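**Student:** Below are the sequence and a predicted model; questions follow.
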Amino acid sequence: MIDVLYFAWVRERIGLPRERIETSAPTVRDLIAELTAREERYELAFADLESLRVALDQELSSFDAPLAGVREVAFFPPMTGG
Amino acid sequence: MIDVLYFAWVRERIGLPRERIETSAPTVRDLIAELTAREERYELAFADLESLRVALDQELSSFDAPLAGVREVAFFPPMTGG
Amino acid sequence: MRLVVQAAPFDLGAEANDFAAGLRGAGAVVTFTGLVRDNGGALSAMEIEHYPGMTERAIGKIMDQARDRWALTDALVIHRFGRLLAREPIMMVATAAAHRADAFAAAEFLMDYLKSRAPFWKKEIGADGPSWVAARDEDEEALKRW
Amino acid sequence: MRLVVQAAPFDLGAEANDFAAGLRGAGAVVTFTGLVRDNGGALSAMEIEHYPGMTERAIGKIMDQARDRWALTDALVIHRFGRLLAREPIMMVATAAAHRADAFAAAEFLMDYLKSRAPFWKKEIGADGPSWVAARDEDEEALKRW
C-alpha cells in the first residue's frame, strides 16, 4: 500500500487530493501506467509527463525511480512559489 | 573668488570646512599648486592626489578640469556611503 | 534561521523589524517581499496550494544551502498558502550579513529556489475566472547561475 | 520616488510598510538596510559627514538612472548623517517592480553607486579611537558590472 498525493491541476483532473493504492509497480513510471489503464481521468492527468513532477517521500525524484520502500508518492505540476 | 570646500580627513588636515579663495588658477591642478605653496597643512592634505577626489559645482570632476565659471570646488577622499 | 508557513497575512514592517532586532554583527539586511499583483484591478485574489511537510523540508534544505554558501548572520523565510487578496504579501525572505554582497546573493538564491523548488502552486482568480499560474522558463533558467 | 537625507534615526519596518502601501501593480519589493556593525561591542558609534546639496544631486541622478534602466514601480532612498550608535540603521534603499529580477538589480545598482558615488564619509568610533573608513577596492570594482 502506498499513499498517492495530487496537487494543483493534477488534483483537479483526478478529482481527489490523495488515495491509498495497492500496487507492486517497481517504478514511478510503472505506477503511472497502472493508473492510466484504470480510468480516463488518470489518463488525462498523466497525458504529458513533461509538465509533471514527482516527489517520493517528499523529495523531488524522477519517473524512473524505484518505488521499493516508498510510503508517499506525490504528483504535481512545476512549482510556482515565491 | 571661488568657494573651496573640504570634507573628512582633508577637512581635518586643512583645519577648516570651507574658505573663499581669490585665484586665477586655470585648472584644479593649478589651484592645488597654489594652495600647497602657501602652507604646510595644504601640502599635507594634497600630498597624494590618487587618494583624493574633486567636485566642481557639486559634480565629480578631474584635476585637469578648467575652473572658469566654477563657483564651488570641493576636495575629499573617496566616498564611503551606503 | 526561521521558517514560517502560514495561511494568515503577515506585516512586512513588523517582520523586518523583528528580524533586524535580533541581529548581532550584521552590517547589511536585505528583504524581498512578493505581493499579489493588482493588474489594474483585474486580479482580485490568489489561491495558493502547498504540500504540507514537503514544503518545510524543501525550504529548510534551501536555507541550509544558503547558510553554507554565504557568511550569513541570519535568514528568515515566511510563505503563505490559502486565499490571498490583491496587494497582500505572499511571502518574504530576509537575509543578514556583515557585507551587502552576501546578503543580496543569499536573498536572490533563496528566491530563485523558492520559485521553482518549493512545493507551492498559485492559482490566480481574475476577471476571466481562476487559472493556475504557469511556471516560467526564466525561473527555471535562473537556477543555473548558482 | 522619494529621497530623504536626515540626521534622525528611522524605523526600517515603518518605512518598508509606507513604501509598500503606496504601490500599485508591484509584485516584488526589495529593501536593503545598512546597519552600524557592533564588532563584538568594539564599535560604539559612527559619524557620517556629507556634502549637503551634492548629496541630493548625486543620489537623485543615481535614482533617475535606475528608473531608466529597470521597470520600477517605485524607489526610495533614505541616508543618515551625523552621529549614529551601534546597530542603528545607517541607510535604506527600497525598490518595487512587477518582477523580482528588476527589483533586485535596481536595489543592488543603487547600493553600488551609493557606496562609491554619493558624498558621504564614515568615521568609526571604536575602542582605539576614531578612524575614517577607507574606501574598499571591491566597492569601486562593483561599479563595473553595471
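**Tutor:** Nice, I can see it. Note that the structure is a prediction, hence the values are computed from the model and not measured.
**Student:** For chain C, which segments count as helices?
**Tutor:** For chain C, helices defined by DSSP state H occupy the ranges C:12-21, C:54-69, C:100-117, C:137-142.
**Student:** and C:Trp132, how many neighbours?
**Tutor:** Neighbours of C:Trp132 under the rule other C-beta atoms under 10 Å in any protein chain shown: 16. Glycine gets a C-beta too; all of them are placed from N, C-alpha and C.
**Student:** do the same with the one 3 residues further on
**Tutor:** Counted with other C-beta under 10 Å, residues neighbouring C:Ala135 total 18.
**Student:** That one and C:Leu76: what is the separation?
**Tutor:** Computed as C-beta to C-beta, to the nearest Å, the C:Ala135 to C:Leu76 distance reads 25 Å.
**Student:** go on, A:Pro26?
**Tutor:** 42 Å.
**Student:** So for the two, which residue has more residues nearby?
**Tutor:** C:Leu76 (21 against 11).
**Student:** Name whatever forms a beta bridge with that one.
**Tutor:** For C:Leu76, the beta-bridge partners under DSSP bridges are C:Arg2, C:Ala94.
**Student:** ok, it touching C:Met92?
**Tutor:** Yes - counting by C-beta atoms under 8 Å, C:Leu76 sits close enough to C:Met92 to count as a contact (7.3 Å).
**Student:** just checking, what packs against the lengthiest helix in chain A?
**Tutor:** Scanning chain A for the helix with the most residues, using DSSP H, yields helix A:28-38. Secondary-structure packing of helix A:28-38 (3 or more C-beta pairs under 8 Å, 6 or more residues apart in numbering or on different chains; DSSP states H and E): strand A:2-6, helix A:40-45.
**Student:** A:Ile32 - how many residues pack around it?
**Tutor:** Count around A:Ile32 with other C-beta under 10 Å applied: 21.
**Student:** just to revisit the earlier point, just the helices of chain C: most buried one?
**Tutor:** helix C:100-117 (a mean of 23; mean count of other C-beta atoms under 10 Å in any protein chain shown).
**Student:** touching chain D at all, that one?
**Tutor:** Yes - Helix C:100-117 is in contact with chain D by C-beta under 8 Å from any C-beta of the partner chain, via C:Arg100, C:Ala101, C:Ala103, C:Phe104, C:Ala107, C:Glu108, C:Met111.
**Student:** same check, this time on stretch C:30-46
**Tutor:** Yes - Stretch C:30-46 comes into contact with chain D (C-beta under 8 Å from any C-beta), by way of C:Val30, C:Thr31, C:Phe32, C:Thr33, C:Gly34, C:Leu35, C:Val36, C:Arg37, C:Asp38, C:Asn39, C:Gly40.
**Student:** Pull out the buried residues from the worst-scoring helix or strand of chain C on mean pLDDT.
**Tutor:** Scoring the helices and strands of chain C by mean pLDDT, DSSP states H and E places strand C:43-50 at the bottom, with a mean of 89. Judged by neighbour count using 16 or more other C-beta atoms under 10 Å in any protein chain shown, the buried positions of strand C:43-50 are C:Leu43, C:Met46, C:Ile48, C:Glu49, C:His50.
**Student:** Show me what from chain C comes close to chain A.
**Tutor:** For chain C, the residues in contact with chain A (C-beta under 8 Å from any C-beta) are C:34, C:49-51, C:53-54, C:57-58, C:79, C:90-91, C:111, C:114-123, C:132-135, C:140.
**Student:** Report the separation between the nearest residue in space to C:Tyr113 that is not next to it in sequence and A:Phe7.
**Tutor:** Distance criterion C-beta to C-beta, 6 or more residues apart in numbering or on different chains; nearest residue to C:Tyr113, sequence neighbours excluded, is C:Ile62 at 4.4 Å. Here C:Ile62 is placed at a distance of 19 Å from A:Phe7 (C-beta to C-beta).
**Student:** And the residue of chain C closest to chain B?
**Tutor:** Closest contact between chain C and chain B, by C-beta to the nearest C-beta, is at C:Arg100 (7.5 Å).
**Student:** Was I right to think that residue contacts D:Leu110?
**Tutor:** No - contact criterion C-beta under 8 Å: C:Arg100 and D:Leu110 do not qualify, at 11.0 Å.
**Student:** Now the common contact residues for these two.
**Tutor:** D:Phe32 (C-beta atoms under 8 Å, 6 or more residues apart in numbering or on different chains).
**Student:** circling back to that earlier point, what lies in contact with the longest helix of chain A?
**Tutor:** Contacts for helix A:28-38 (C-beta under 8 Å, 6+ apart): A:2, A:4, A:21, A:23, A:25, A:42-43, A:46, A:49, A:54, A:56, A:61-65, A:67, A:73.
**Student:** rerun that using 10 Å as the cut-off
**Tutor:** For helix A:28-38, the external contacting residues (C-beta atoms under 10 Å, 6 or more residues apart in numbering or on different chains) are A:2, A:4, A:14, A:19, A:21, A:23-25, A:27, A:41-47, A:49, A:52, A:54-56, A:61-67, A:70, A:73, A:75.
**Student:** in that helix, what's buried?
**Tutor:** Here helix A:28-38 shows A:Val28, A:Arg29, A:Asp30, A:Leu31, A:Ile32, A:Leu35, A:Thr36 as buried, counting by 16+ other C-beta under 10 Å.
**Student:** tilt between that helix and strand A:2-6?
**Tutor:** With axes from the mean of the first three to the mean of the last three C-alpha atoms, to 10 degrees applied, the angle from helix A:28-38 to strand A:2-6 works out at 80 degrees.
**Student:** could you dump helix A:28-38 to PDB, C-alpha only?
**Tutor:** Provided in PDB are the C-alpha atoms of helix A:28-38 (Å, rounded to 0.1, in the frame of the first residue of the first chain):
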ATOM      1  CA  VAL A  28       7.000   5.600 -10.700                       C
ATOM      2  CA  ARG A  29       6.600   5.100 -14.500                       C
ATOM      3  CA  ASP A  30       5.000   1.700 -13.900                       C
ATOM      4  CA  LEU A  31       2.700   3.100 -11.300                       C
ATOM      5  CA  ILE A  32       1.600   5.800 -13.800                       C
ATOM      6  CA  ALA A  33       0.900   3.100 -16.400                       C
ATOM      7  CA  GLU A  34      -1.200   1.200 -13.900                       C
ATOM      8  CA  LEU A  35      -3.200   4.300 -13.000                       C
ATOM      9  CA  THR A  36      -3.800   5.500 -16.600                       C
ATOM     10  CA  ALA A  37      -5.000   2.000 -17.500                       C
ATOM     11  CA  ARG A  38      -7.700   2.300 -14.900                       C
END
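**Student:** Identify the contacts common to C:Leu76 and C:Met92.
**Tutor:** By C-beta under 10 Å, 6+ apart, the residues touching both C:Leu76 and C:Met92 are C:Val4, C:Glu15, C:Ala16, C:Phe19, C:Thr31.
**Student:** which one of the residues you listed sits closest to D:Leu23?
**Tutor:** C:Thr31 (14.5 Å; C-beta to C-beta).
**Student:** Give me the residue ranges of the chain where confidence is low.
**Tutor:** I'll assume chain A. The model of chain A has no residue with pLDDT under 70.
**Student:** was after chain C, sorry
**Tutor:** By pLDDT under 70, the weakly predicted segments of chain C are C:40-43.
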